[in-house]
Every structure is written in C-alpha cells, then in structure tokens.
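Peer 1: Task: produce atomic coordinates for the following.
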Amino acid sequence: MRTPTEAEIAAINKEHLIETPLRPADLLFVFGTREGVDERVDAACRLWREGYCRWAIVSGGVTPGSPRSECEIIATAMIARGMPGEIILREDRAMNTGENVIFSLPVIDAALGLANIRSVICLGNSWTARRYPMTLHRHWPEVEKMLVTIDSFRTPRALWHTDAEFSRRMLSEWDKIEPYKAKGFIAEWPAGGPGGR
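Peer 2: Predicted coordinates:
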C-alpha cells in the first residue's frame, strides 16, 4: 500500500472531496453499497425530511455477501425509516458506478421523464466522492449535480490519510479518475466550480 505525498493529500482534499452547496433537488440518486448502509439510509431520509428531494432512485445489484440486491436492502431500510415507498424508484442490476447511472436513466425516464429532472443530489461514499457526479455528468450532462457523501470512519474526513483503511480506499478511487476520464467512463465535473453543472 502506498503512502500519499503531501501534494496528493492537498489535491485530494481540494479536488476530490468536493462539498457542494445544497438546495432542494428534483431527484436524490442513492448509489448502492454494502458498506455504511445505515449511514447512507440515514442521510437519504434526512435529505427527504428536510425537503431536499421530491423523488429518489436507489441503484445497486446483487453483490457478494447477500442474495438481496443493494437496491432492495437500501430501499427497504429507507421505507422502514419513514420515506414513502411510492417516491423511491429502483434499479437492481448495476454492479458498478457506471452501471448505476446507465441502468438508472431509463428507469428515471419511464417514471418521471428525464426532461422533467433539472437537479440531482448524488449520495454515496466519501472516498468515491466526485466520481459519482462525474459518472452522472458523462451520461446526463444537462442536469445540475450536487454531492453528499457519508462514511462510517471515526477519522475526520480531512485526516483520511492518517487512517490506513480510509487512505487505501481514497487512493484507490483517486487513482481511477484520470484513467476513467481517458476511457470516457466519466466526464470532468464540476465545470465552473463546486455546484456547477
């Protein structure tokens, strides 16, 4: 496992761990996970209760560890904590972030119409950070994107590099950015600063 340089730490804190201003959005995009499910569900329900989303989509297929899809596990927990089931769209085949977006767009279009969605809040792990909206931007550039990230580490986010596992995850995701851009999996975001389209 490599140790990040001071320059890398500064770049990740500035460019990757983006915090966008939040305002009410048409859609909350909940990216599937097996880790930090409770934290993700809590954040989704909080955003809904505080009026930050009218609709949500949960995306994630069956991954090792459970016969149930990430989507089923997360959406069921969201409903159990008070979110109305009728506002939660579901996509249960995706096995990675690209598929989360590619497979969800037709679901969103069929239920709501993509043209009716002007703003989206991406919700996912802190270490994946801007790769969520960058993936969304590659396939759906027209919509405004905001980002909310969560994690279950006790280490403060700005000190991620002091925690071996947090650092491993962060560097793994950071290292994907340029190759993924080169392959066309993701697109540069934000344009014009945090909170931009």
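Peer 1: So for stretch 120-139, what gets flagged as buried?
Peer 2: For stretch 120-139, the neighbour count (16 or more other Cβ atoms under 10 Å) marks 120-138 as buried. Bear in mind the C-beta positions are built from the backbone N, C-alpha and C, glycine included.
Peer 1: which residues of this structure fall in helices?
Peer 2: With DSSP state H as the criterion, the chain has helices at 6-11, 37-49, 70-80, 97-111, 131-139, 164-183.
Peer 1: just checking, which of those sits deepest inside the structure?
Peer 2: helix 131-139 (a mean of 23; mean count of other Cβ atoms under 10 Å).
Peer 1: Please name every helix or strand in contact with that helix.
Peer 2: In terms of contacts (3 or more Cβ pairs under 8 Å, 6 or more residues apart in numbering; DSSP states H and E), helix 131-139 is packed against strand 25-31, helix 97-111, strand 119-125, strand 144-150, helix 164-183.
Peer 1: closest one to residue 56 among these?
Peer 2: Closest approach to residue 56 among those is made by strand 25-31 (4.2 Å; Cβ to Cβ).
Peer 1: now the angle from that closest one to helix 97-111?
Peer 2: 140 degrees (axes from the mean of the first three to the mean of the last three Cα atoms, to 10 degrees).
Peer 1: distance between strand 25-31 and the chain's centre?
Peer 2: 9 Å (Cα atoms, centre = their mean, to the nearest Å).
Peer 1: which residues are contacting it?
Peer 2: With contact meaning Cβ atoms under 8 Å, 6 or more residues apart in numbering, strand 25-31 is reached by 40, 44, 47-48, 52-60, 74, 78, 97, 100, 104, 108, 112, 116-125, 128, 132, 136, 144, 146.
Peer 1: Could you tell me the average pLDDT over that strand, please?
Peer 2: In this model, strand 25-31 has a mean pLDDT of 98.
Peer 1: Which strands border that strand, and is each parallel or antiparallel?
Peer 2: strand 53-59 (parallel), strand 119-125 (parallel) (DSSP bridges).
Peer 1: Can I get those strands in TSV including mean pLDDT?
Peer 2: Listed next are the strands paired with strand 25-31 as TSV, based on pLDDT from 0 to 100:
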stretch	mean pLDDT
strand 53-59	97
strand 119-125	97
